[in-house]
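Chemist: sequence-free structure coming up:
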């Protein structure tokens, strides 16, 4: 207990005792994430936050910091006596700050932290650090530092959006009763995309490749479920430096049993697109806004309009209409035979989804595989048509292209944490 | 409209008209999944279900089917006039059945379907089909048919459990504010596990491998977030035929910033285990019970007891205690130097999780890497310690081993849809 021996009124005394007690007997500070701190209404609480310094400003008596911990785009303003300043307290350094949460006098934020302790956990030499305080570096610049770019606001937002979009896609399918299947990365199927396969060193008894599509594996499992989906890495050994291709990218694939027509697939594609986009706009409004404001100004209008158009279903054209349009254009096109296939095209990105109804006819499949000398290798695939086969179809959506489409990001390398492409496999 | 011209009372007439109307003017049947049909309370509704025949029984006047569509372990009993019987209506065939949902007179089920139409969508020759009606095939037998085993109750349950466990893990981390990171499969890091790496054919400017752990990539991202996690495929080119190893398996990995001690990691491991297991027991009680009843009788007691023990935290032993126990055993062991590491061991499976606090000291890392001649290659890793580094640590959990542990499945090949191991890469 504190010895309080002053001649003061009872109520003033109790107030002083209370404050002293609060100072001396206070509980250890409550550890908060920055997103919790900035939205807290618990003024006067003693808290501790941890994060990285986004700005430092000295005034005569006061020191102002902005600390961000990646829990949201927002940083927490920290106000401290200038006595707490330290030469290691620089942009980019990691800190642990304790103090009282108070209402901020500024209109810029609701809450600020009156620090009584600032501890520099990890220093950061601002001269060597490639990002500079208060500068908005463009995506091309930060792409040069794959191991550090998550320290920028833009890429940190991208990572939160990517994580939330992953959740949204999985929840969409789960709510609709789909089973998530982990299709394999290593496969002995080589029927798709021949030259674009990555081969894996000999280890299995057969040549093995990195998967270009989980379709065949999903077809296996769709033989016992109403709908299945996969969400995982897919590979193309394409020698492309294009802004729309990667050697390793994420793909959402769905396979639906008892389909009647392409409309069944289109409905799922559209619903998934709309539900995921709505989820993102609702759960990450600030992060998405950063892209729509700074990376591609005005893109929010386009994102909204894509969603709305889907709602009215007025963007579908038939194969015949597409051919008409192409024939009327100045370029020449060659047309392949009609198949039960559908593509979802979006502005700026091109093909986002592609789907087909799968060939059901056992005899036809048998003949085709026999002609290719593959009937023994794909006997298992023929078996699927032999034992309780059902009409089914499915589609795949490039996850990075989806993010490009919604955020308006021009280069696919800027929407994946560790891009792999021709001649580049950093980290 | 129907001509109803009979001499009957007004009320009886209206009843008849109503029933006739119902028959002739009825809306198209409502398509239901089996899980919706068996739990429906909408008796008298005209519905359509689609699925695979699990049993067929003929009686003099009636035909009884059990139809399953994978939406749950339960099948729907279908009762039809024996006139609807057909030679193609066999075990394993795919059917579409329309009729009225009615309360079942039997105590075995609440609901049954009085069929007025049965359409065989895909036939199944029961002689060639490897699974036989009403036989419970063991896991070893069904493992021989990787393309068909999802058609058994056991493997269909496994796939639902695996899907739900995936959701549970992701929701656990999301609720705790972790960001999900898609760490790459192809990597140029070769510092871990040397000989056990799968090499990928030359394509990048550097030798590339299939990832053995996403740890280094997660460490990159943990430099800007309170916590990050990944959930995806991982690879080992191990020449093992063991019941606990696969060449391609799923791993959950988490990296936590600002860790103080191993206890921080242990807390997350345990919470994740408990929360995922509780989610599974709550969401898939019938599927889990199938394993605990038929595959490993009595295993439910063990699953419960593991969860409970964690709650009381009485299963932790220190490194020193572990060495004491080993020294007292009859076998001889060699001990390595102590590191800040923790393993989570479970009965029957062994190591489920392994975690460490990461080396923070820049000078030490520099020296070590220089000695190995890797300081240039891993300059990016040193950079992480140079710019706002924070104490951090993480762990990995083998997802298949987790499923083995909870379900009591002896062989790891039985808890993954498409197992890859030494000399085997089917499909």
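Modeler: Thanks, I have the structure now. All values reported here derive from a predicted model rather than from experimental measurement.
Chemist: For residue A:213, which three-state class applies?
Modeler: The local conformation at residue A:213, judged by DSSP: H, G, I helix; E, B strand; the rest coil, is coil.
Chemist: What is the burial count for it?
Modeler: When neighbours are defined as other CB atoms under 10 Å in any protein chain shown, residue A:213 has 21 of them. Heads up, the C-betas are built off the backbone N, CA and C, glycines and all.
Chemist: I'd say it and residue A:255 touch.
Modeler: No: using CB atoms under 8 Å, residue A:213 is not in contact with residue A:255, being 10.9 Å away.
Chemist: For chain A, give me the ranges with low pLDDT.
Modeler: The model of chain A has pLDDT under 70 over residues A:1-26, A:191-195, A:305-315, A:336-337.
Chemist: Give me the neighbour count for residue A:375.
Modeler: Neighbour count of residue A:375, defined by other CB under 10 Å: 16.
Chemist: One more: residue A:295?
Modeler: 19.
Chemist: From residue B:64, how far out is residue A:321?
Modeler: From residue A:321 over to residue B:64 the distance is 50 Å, taken as CB to CB, to the nearest Å.
Chemist: Neighbour count: those two, which is higher?
Modeler: Remark: of residue A:321 and residue B:64, residue B:64 carries more neighbours, 15 against 10, as counted by other CB under 10 Å.
Chemist: Nearest residue to that one in space, please, no chain neighbours.
Modeler: residue B:57 (4.3 Å; CB to CB, 6 or more residues apart in numbering or on different chains).
Chemist: how about the nearest residue to residue A:123, chain neighbours excluded?
Modeler: That would be residue A:88: by CB to CB, 6+ apart, it lies 4.7 Å from residue A:123.
Chemist: doesn't residue A:396 make contact with residue A:354?
Modeler: Yes: Residue A:354 is within contact range of residue A:396, at 6.1 Å (criterion: CB under 8 Å).
Chemist: more crowded one of the two?
Modeler: residue A:396 (21 against 18).
Chemist: I'd assumed that one was in a helix, is it?
Modeler: No: using three-state DSSP, the secondary structure at residue A:396 is strand, not a helix.
Chemist: All the helices of the stretch 201-350 of chain A, residue numbers only.
Modeler: Secondary structure of the stretch 201-350 of chain A by DSSP state H, counting those that start in this stretch: the helices cover A:215-222, A:262-283, A:285-290, A:299-312, A:319-328.
Chemist: mind listing what the residue most central in space within chain A touches?
Modeler: In chain A, the residue lying closest to the centroid (CA atoms, centre = their mean) is residue A:162, at 0.6 Å. Neighbouring residues of residue A:162 by CB atoms under 8 Å, 6 or more residues apart in numbering or on different chains: A:403, A:415-417, B:180, B:182.
Chemist: which SSE is it in?
Modeler: Assessed by DSSP states H and E, residue A:162 sits inside helix A:153-175.
Chemist: Figure out how far that helix is from the centre of its chain.
Modeler: Mean C-alpha position of helix A:153-175 versus that of the full chain (CA atoms, centre = their mean, to the nearest Å) differs by 4 Å.
Chemist: List the beta-bridge partners for residue A:257.
Modeler: With DSSP bridges as the criterion, residue A:257 is bridged to residue A:392.
Chemist: Surely it is in contact with residue A:227?
Modeler: Yes: counting by CB under 8 Å, residue A:257 does reach residue A:227; the two are 6.6 Å apart.
Chemist: and the residue nearest to residue A:123, that's in a strand?
Modeler: No: using three-state DSSP, the assignment for residue A:88 is coil, not a strand.
Chemist: number of nearby residues for it?
Modeler: 14.
Chemist: Considering the contacts of residue A:162, which possesses the most neighbours?
Modeler: residue A:415 (28 neighbours).
Chemist: Not counting sequence-adjacent ones, nearest residue to that one?
Modeler: residue A:403 is the one closest to residue A:415 (CB to CB, 6+ apart), at 4.1 Å.
Chemist: Please identify which helix or strand holds that neighbour.
Modeler: Taking DSSP H and E as the definition, residue A:403 sits inside helix A:399-407.
Chemist: That helix vs strand A:392-398, what angle?
Modeler: Taking axes from the mean of the first three to the mean of the last three CA atoms, to 10 degrees, helix A:399-407 and strand A:392-398 form an angle of 70 degrees between their directions.
Chemist: Return the residues in contact with the residue nearest to residue B:64.
Modeler: Residue B:57 is in contact with B:63-65, counting by CB under 8 Å, 6+ apart.
Chemist: interface residues of the stretch 251-400 of chain A facing chain B?
Modeler: Residues of the stretch 251-400 of chain A lying close to chain B by CB under 8 Å from any CB of the partner chain are A:257-258, A:380-381, A:383-391.
Chemist: got it, and the stretch 1-150 of chain A?
Modeler: Selection of the stretch 1-150 of chain A residues close to chain B by CB under 8 Å from any CB yields A:33, A:35, A:50, A:52-53, A:69-71, A:92-94, A:96, A:121-125, A:128-129, A:146-148, A:150.
Chemist: Tell me the buried residues within these.
Modeler: Buried subset of those (neighbour count, 16 or more other CB atoms under 10 Å in any protein chain shown): A:33, A:35, A:50, A:52-53, A:69-71, A:92-94, A:96, A:121-124, A:129, A:146-148, A:150.
Chemist: Now intersect the residues you listed with the strands, please.
Modeler: Per DSSP state E, strands hold the following members of those: A:50, A:52-53, A:94, A:96, A:121-122.
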